[in-house]
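In: with the sequence up front, the predicted model follows.
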Amino acid sequence: MREPLVFLPGMMCDARVFAPQLAVLSRETMVSVAPLTTGERIEEIASGLLDLLPRRFAVAGLSMGGIVAMELLRRAPERVTRIALMDTNSLAETPQSAAEYEPLIIKIRSGRLDEGVEGLMRPEYLAPGPGRAALMAEVHAMAADLGQEAIIRQIRALQRRRDYQAALRRCKVPALVLCGEQDGLTPVKRHSFMADLIPYAQLQVIEGAGHLPTLEAPDLTTRALQAWLREPYVLQTRADA
């Protein structure tokens, strides 16, 4: 049996964002979804998870979950057997982009959760089409279940996140960098940049998907993850090639 696989959801999301993948991959390996709802720093979230996760594990993170996955790799590289980074960002927030979250925090604290969710996950971040409204409704439902305090903690953690370029350069395990072709939040060029940082990373661009390819194009996303899980462990660094 393969090593356990841990999914890390994006901001405002829970296991529902990986439902199609869980249904398939749970037939092949042990799969779990870890919550990202404690701590106001990415480092705190990762530290708390490491106390609970298996000794060695594969990790697949979506959006904010990808940032936490990079922190796990930075903090405990000997425990991460492979990493998948989906629709995420390896760069730190700039002072300007961090400040842009503040009006959304005010809306959420004042009870206007739906407005805050709309600001954090805009419809144009997803691929256009008849299914976009239903996906937005699902995001709102997950956000409502998480609650305003958990979402505000997630925002604070994103505001304070570090740059992970150095951690990616040191990655020596099978790596998948995946994104939706029409992701309006973290575009393809940002993922090409990340894939270039990681020795022998595989870049997968999912057609017909935006920021949530796990739900927008579930079959393509699942197949990409299956291929990543089958990759051999033995990798050379660029310096060795």
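Out: Cool, got the structure.

In: list the contacts of the spatially most central residue of the chain.
Out: Computing the C-alpha centroid of the chain and ranking residues by CA atoms, centre = their mean puts Leu62 first, at 1.9 Å. Going by CB atoms under 8 Å, 6 or more residues apart in numbering, Leu62 touches 7-10, 13, 17-18, 86-88, 212, 214. C-betas here are computed from N, CA, C, even on glycine.

In: if you set the cut-off to 7 Å instead, what comes out?
Out: Residues in contact with Leu62 (CB atoms under 7 Å, 6 or more residues apart in numbering) are 8-10, 17, 86-87, 214.

In: check Asp87 too.
Out: Here Asp87 is in contact with 62-63, 179-180, 183, 186, 211, 213 (CB under 7 Å, 6+ apart).

In: same question for Ile151.
Out: Here Ile151 is in contact with 12, 108, 143 (CB under 7 Å, 6+ apart).

In: what helix or strand does the second one sit in?
Out: Secondary-structure element containing Ile108, defined by DSSP states H and E: helix 102-109.

In: would you list every one of the helices in this protein?
Out: 19-25, 42-50, 64-75, 95-99, 102-109, 113-120, 132-146, 148-159, 165-169, 188-197, 213-216, 218-230 (DSSP state H).

In: make CSV out of these and add mean pLDDT.
Out: Output for the helices of the chain, formatted as CSV (pLDDT from 0 to 100):
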stretch, mean pLDDT
helix 19-25, 98
helix 42-50, 97
helix 64-75, 98
helix 95-99, 94
helix 102-109, 96
helix 113-120, 96
helix 132-146, 97
helix 148-159, 97
helix 165-169, 97
helix 188-197, 97
helix 213-216, 98
helix 218-230, 97
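
In: any chance of those helices in TSV, plus distance to Glu3?
Out: As requested, the helices of the chain are exported to TSV (distance: least, CB to CB, whole Å):
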stretch	distance to Glu3
helix 19-25	12
helix 42-50	15
helix 64-75	14
helix 95-99	35
helix 102-109	37
helix 113-120	32
helix 132-146	27
helix 148-159	26
helix 165-169	20
helix 188-197	22
helix 213-216	20
helix 218-230	9
